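Undergrad: below: sequence and its predicted model.
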Amino acid sequence: MEPTSAWRAIVEKRVLVRCIVTWASPSLQGSNGGVSKVRHLQELTVGLILFFLAAISPALSQQQPYPSRPVTILVPFNPGSEADILARLYAAKLSERMGHPFVVENRAGAGGVLAAQTLLNAPADGYDLMFVTSGFAINPSIYQHLSFDTSRDFSGIALVGHSPALLVTSPSLGVRTQQEFISLAKQRPGQLNYGSAGTGSASYFSCQYFASEAKINVVNVSYKGVQEFLTDLLGDRIQLACPPMVTVIPLVRAGKLVALSVTSKERESLLPDVPTTSEAGLSGFEYGIWYGLVASSKTPRFIIDRLAKEMSEITNLKDISEAMANQGVAPRDVATTDFDAFIATEIGKFRSLVKASGINMK
């Protein structure tokens, strides 16, 4: 309900209550029923007043300014991850524009399921939000017993960007190309490990999808976040990782990691010498990681619409576009119901990919 409509409803109900009281007064003066009828009319009048007060309470509560206190943005991954970097970028702008702090809180674990459950356990008042990645749409196909329904229990606020994954390995493994890695993995089935931010995360699915298409058997090792599995990749405790491209560009440029391929449709300007996964041998392969902001579906609509408007305007700011480009992220501007439809489509797409790839549900 818009503010003007809400106040109009309040005024109309107050007028109606006053009419009821006025109607009751003559009846009290001229009644022949004595004290009992007086009490009856008094109780009737009070009851009607309480009824109408209860009816207008939602309108009154909706008039509270938003935000009036700090807002928490849950990030399902550890500090330093691509999702964390982008969430902090938007949180800073939202704080400036909306007059109250938007605070990022990292809740890593279970590929984003932990953060999602935390959001749904909080009041649906717009003061708890979640910054999600494509793993948000993958989880329904990976976990058999989720305690929530992704399409039903969440409302999209804004889809803000999209980036490819980069397949990387350690120089000590002795391979320099995607095909060399595939050949080695086929010689050593089940002996090479890849790191991910947990089953169902984007980094999990990108590696698992690659392994399925390459027809190799590599084993997932789950970590709390990107930085943790990259540490083990650098330490030769795992042999493969498929994180968002920007998180490993400095390591690739420094020669500390070998880039096998990038999962985008075309080569990326930040790493022009790295082939796409498709041109490196897996024809037609394409995979991207998207980022967005969601809330509980029970959140008042005017809050979601207000946040969507702010997010859209922030995405189109020049400094934000430049910052995202430096992160290897292509800006997207998709809001509310269109974002909901996008998520539903992604859930269906990943369900088909999971089934075709033979990835086991947990």
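TA: That came through, no problem.

Undergrad: show me the helices in the chain, by range?
TA: Along the chain, counting by DSSP state H, helices occupy 3-30, 34-62, 82-98, 113-121, 135-142, 150-153, 178-187, 202-214, 226-234, 249-253, 301-315, 318-326, 336-357.

Undergrad: compare those helices and say which comes out lowest on pLDDT.
TA: Here the lowest mean pLDDT among the helices of the chain goes to helix 3-30, at a mean of 43.

Undergrad: and the angle from the longest strand along the chain to helix 82-98?
TA: The single longest strand within the chain, with elements called by DSSP state E, is strand 154-164. Between strand 154-164 and helix 82-98, the angle comes out at 120 degrees (axes from the mean of the first three to the mean of the last three CA atoms, to 10 degrees).

Undergrad: what mean pLDDT does strand 154-164 have?
TA: On average, the pLDDT along strand 154-164 is 96.

Undergrad: name every strand pairing with it and say which way it goes.
TA: Strand 154-164 pairs in its sheet with strand 288-296 (antiparallel), strand 330-335 (antiparallel), by DSSP bridges.

Undergrad: may I have it as PDB, with CA atoms only?
TA: Only the C-alpha atoms of strand 154-164 are listed here, as PDB (Å, rounded to 0.1, in the frame of the first residue of the first chain):
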ATOM      1  CA  PHE A 154      12.900 -15.800  -1.300                       C
ATOM      2  CA  SER A 155      12.300 -12.600  -3.400                       C
ATOM      3  CA  GLY A 156      14.800 -11.300  -5.800                       C
ATOM      4  CA  ILE A 157      15.800  -7.700  -5.300                       C
ATOM      5  CA  ALA A 158      18.500  -7.200  -8.000                       C
ATOM      6  CA  LEU A 159      20.700  -9.200 -10.300                       C
ATOM      7  CA  VAL A 160      23.900  -7.000 -10.600                       C
ATOM      8  CA  GLY A 161      26.600  -8.900 -12.500                       C
ATOM      9  CA  HIS A 162      28.000 -12.000 -14.200                       C
ATOM     10  CA  SER A 163      31.600 -13.400 -14.400                       C
ATOM     11  CA  PRO A 164      33.300 -16.500 -15.800                       C
END
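
Undergrad: looking at the sheet around the residue positioned nearest the centre of the chain, what are its partners?
TA: Nearest residue to the geometric centre of the chain (CA atoms, centre = their mean): residue 132, 2.3 Å. Beta-bridge partners of residue 132, counted by DSSP bridges, are residue 292.

Undergrad: tell me the contacts of residue 105?
TA: 72, 73, 74, 75 (CB atoms under 8 Å, 6 or more residues apart in numbering). (Each C-beta comes from the backbone N, C-alpha and C, glycine too.)
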